[in-house]
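Asks: Model the structure of this input:
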Amino acid sequence: MKRMKTSTIIGPALANIPWEEKPSGYRYPVWRYSQNPIVPRDAIPLANSIFNSAVVPFGKGFVGVFRVDDIHRVCGLHTGWSQDGIHWDIDHKPIRFSKAIKDLPYEYAYDPRVVKVGDRYYVTWCNGIHGDPTIGCAWTKDFRTYYAMENLTLPCNRNGVLFPRKIDGKFAMLSRPSDIGHTPFGNIFYSESPDLTHWGKNRFVMGTTGGWQRTKIGPGPAPLETKEGWLLFYHGVVTMCNGMTYSFGAAILDRDEPWRVLYRTRPYLINPREPYECLGDVSNVCFPVGLLADSRTGRLAIYYGAADTVIAVAFAQVDELIAYIKANSI
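Replies: I've put the predicted structure just below:
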């Protein structure tokens, strides 16, 4: 029996990863699931929209932390469960944090990321503090009870994304400092912490360039470790005459010094062109937040919010994608 060659992914195998083969004749390394969107805007009662949500393997299936904007237009976080990563059962009630920290505001929550470090799953999100955005954090082991932690940054900051392992013995994070509005600027920075409370070693990672990423950029799902470096999906924004357009691309960061960018896509990987990506509460948005990876086959499933209204998924094969990034790097 012929043995399958392992991929460049450093991490566990995920035999039940959601997957659909690339359409015949398709030229690019990332392709959409033919049955998108996988989560409609009204999948639970009182939901106005469900989007920009993160997923991870858990038990024999998958778990996710979902952004749900309700019909009052208030955003919150909800837990969701799935056996196949495509069909989701989302809790109707939002997450409530146990052992809340004294004097820690919790005004709103949106755009969560989830990553496992050690034996804990950490959830980060954009948290409101006195009307300004910062990066909230909590941990859980069972996705039933969530323990609040200190905010990771001062205002104003968004898109806080933890690495799935410590770097040189410290927690590591990517973030995108911002203002209180829609941020007419956007650069990604790296930071380290010994305890997830005190942060330093801040390093510039990368900023805006031309084309689809000339207004602002921001990190997407937790970086994926590969033999080539950390694979980072990130969103980029261009301001056009009819508003902002959100697409996403990818970069490869140095494994030991993740603030060093080795390669970065000049072209986007996915941009709004399907109806569910172009028409919604915020038109023309593809915003990556979740990532599943199978180290045995190299398969990737990328979860992204579409038009700030629904959730979609796209697929890629890691070795093909890395080769594309290298061949089309800025």
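Asks: Test my guess that Ile38 contacts Ile311.
Replies: Yes - assessed by Cβ atoms under 8 Å, Ile38 is found in contact with Ile311 at 5.7 Å. Where C-beta positions appear, they are placed from N, C-alpha and C, glycine not excepted.
Asks: Neighbour count: those two, which is higher?
Replies: Ile311 (29 against 19; other Cβ atoms under 10 Å).
Asks: okay, Leu291: pLDDT?
Replies: Leu291 carries a pLDDT value of 98.
Asks: In a strand, it, correct?
Replies: Yes - remark: Leu291 belongs to a strand, assigned using DSSP: H, G, I helix; E, B strand; the rest coil.
Asks: quick one: contacts for the nearest residue to it once chain neighbours are set aside?
Replies: Spatially, and ignoring its direct neighbours in sequence, Leu291 is nearest to Pro221 (3.7 Å; Cβ to Cβ, 6 or more residues apart in numbering). Counting by Cβ atoms under 8 Å, 6 or more residues apart in numbering, Pro221 makes contact with 54, 113, 161, 233, 288-291, 302-303.
Asks: Settle this for me: Asn202 is touching Ser193, isn't it.
Replies: No - using Cβ under 8 Å, Asn202 makes no contact with Ser193, being 10.8 Å away.
Asks: quick one, which of these two is more surrounded?
Replies: Shown here are Asn202 and Ser193; by other Cβ under 10 Å, Ser193 has more neighbours (17 against 13).
Asks: Which strand residues bridge the nearest residue to Phe185 once chain neighbours are set aside?
Replies: Nearest non-adjacent residue to Phe185, counting by Cβ to Cβ, 6+ apart: Lys216, 6.0 Å away. Going by DSSP bridges, Lys216 is paired in beta bridges with Val237.
Asks: Help me confirm that Lys216 comes into contact with Ile188.
Replies: No - using Cβ under 8 Å, Lys216 makes no contact with Ile188, being 9.8 Å away.
Asks: Need the overlap of contacts for these two.
Replies: When contacts are counted by Cβ under 8 Å, 6+ apart, Lys216 and Ile188 have Arg176 as shared neighbours.
Asks: quick one on the thing from earlier: and which of the contacts of Pro221 is nearest to Ile86?
Replies: Nearest to Ile86 among these, counting by Cβ to Cβ, is Tyr303 at 10.3 Å.
Asks: and that closest one, that one's in a strand?
Replies: Yes - counting by three-state DSSP, one finds Tyr303 located in a strand.
Asks: Burial check on it, number of neighbours?
Replies: Tyr303 has 26 nearby residues by other Cβ under 10 Å.
Asks: Now do the strands in the stretch 201-330 of the chain.
Replies: Secondary structure of the stretch 201-330 of the chain (DSSP state E, counting those that start in this stretch): strands located at 216-219, 224-226, 229-240, 243-253, 261-264, 286-293, 299-306, 310-317.
Asks: can you redo those strands as JSON lines with distance to Asp142?
Replies: Shown next, in JSON lines, are those (distance: least, Cβ to Cβ, whole Å):
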{"stretch": "strand 216-219", "distance to Asp142": "27"}
{"stretch": "strand 224-226", "distance to Asp142": "24"}
{"stretch": "strand 229-240", "distance to Asp142": "27"}
{"stretch": "strand 243-253", "distance to Asp142": "31"}
{"stretch": "strand 261-264", "distance to Asp142": "36"}
{"stretch": "strand 286-293", "distance to Asp142": "19"}
{"stretch": "strand 299-306", "distance to Asp142": "21"}
{"stretch": "strand 310-317", "distance to Asp142": "23"}
